[in-house]
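In: Quick one, structure for this:
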Amino acid sequence: MQSEDAVQNPAPAAGGERAAERPEGFQRVAAALAAKSHPQAPLWLDVAARTSQEAADALGVSLGQIAKSVVFRRKTDEQAVLVIASGDKRVDEKKLKEHTGPLGRADADYVKARTGFSIGGVSPLGFAPADGAGPPLLFIDRELFRFDLIWAASGHPNGVFKMTPEELQTLTGAPVIDVVQV
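Out: Okay, here's the model as predicted:
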């Protein structure tokens, strides 16, 4: 396992790039975290982590500590539904439908339009929905509370930020529910 210091870079990156020069989604999440006085700034990984496993490997943490964002499309009104779940768990759509009604799959274009982020970098905050769409309906799966610290994407596949599950709930205001497969 690599140490956190070996893979994360909150300030300059290769070539002297600064946080203000990072991609727009990363900057949006950094601003949202700062506005909510979150004590941890987002970090820039030396490698892209588009999957939970890639993020866990890059950070040297367990797969379950990755707070992955899974986006669905609510069929009744096209509302985006975002579930933040442990990287080692699968969202059970039947359980989620009890909270949302009928759901459909969200393709890459839909995810980008409804969250402002590309798949692999969808953050639980800092949304920028296109065309006047509202922010996604958020849920946090309770399995994340197995861990003291978790990591979420911060607007880009190279960006992550650290928090406790309780901080995630405070940052997002999302309800904690049971929606993963057992």
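In: going forward, measure contacts between C-alpha atoms and count neighbours the same way
Out: Will do.
In: quick one, longest strand in the chain?
Out: strand 66-74 (DSSP state E).
In: Could you give the average pLDDT over whatever helix or strand comes next after it?
Out: As assigned by DSSP states H and E, the chain's next helix or strand after strand 66-74 is strand 80-86. Strand 80-86 shows a mean pLDDT of 98.
In: And the contacts of stretch 101-115?
Out: 71-76, 80, 93, 97, 117-119, 122, 127-131, 133-136 (Cα atoms under 8 Å, 6 or more residues apart in numbering).
In: Report the rounded mean pLDDT for it.
Out: 97.
In: what about the strands in the protein?
Out: 8-9, 43-45, 66-74, 80-86, 103-105, 137-141, 150-153, 159-163, 176-177.
In: Just send the ones you listed back as a markdown table, with distance to Gln53 and mean neighbour count too.
Out: Converted to a markdown table, the strands of the chain look like this (distance: least, Cα to Cα, whole Å; neighbours: other Cα atoms under 10 Å):
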| stretch | distance to Gln53 | mean neighbour count |
| --- | --- | --- |
| strand 8-9 | 16 | 19 |
| strand 43-45 | 14 | 23 |
| strand 66-74 | 8 | 25 |
| strand 80-86 | 11 | 26 |
| strand 103-105 | 22 | 16 |
| strand 137-141 | 18 | 22 |
| strand 150-153 | 12 | 28 |
| strand 159-163 | 13 | 24 |
| strand 176-177 | 23 | 17 |
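In: any chance of the ones you listed in CSV, plus distance to Ser52?
Out: Shown next, in CSV, are these (distance: least, Cα to Cα, whole Å):
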stretch, distance to Ser52
strand 8-9, 16
strand 43-45, 14
strand 66-74, 6
strand 80-86, 9
strand 103-105, 19
strand 137-141, 15
strand 150-153, 9
strand 159-163, 11
strand 176-177, 20
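In: May I have the distance across stretch 23-43, first residue to last?
Out: End-to-end span of stretch 23-43 (Cα to Cα, to the nearest Å): 13 Å.
In: Next up, the contacts around the residue most central in space within the chain.
Out: The structure's the chain has its C-alpha centroid closest to Ser123; by Cα atoms, centre = their mean the separation is 3.3 Å. Residues near Ser123 by Cα under 8 Å, 6+ apart: Val29, Ser69, Phe117, Ala152, Ala153, Ser154, Gly155.
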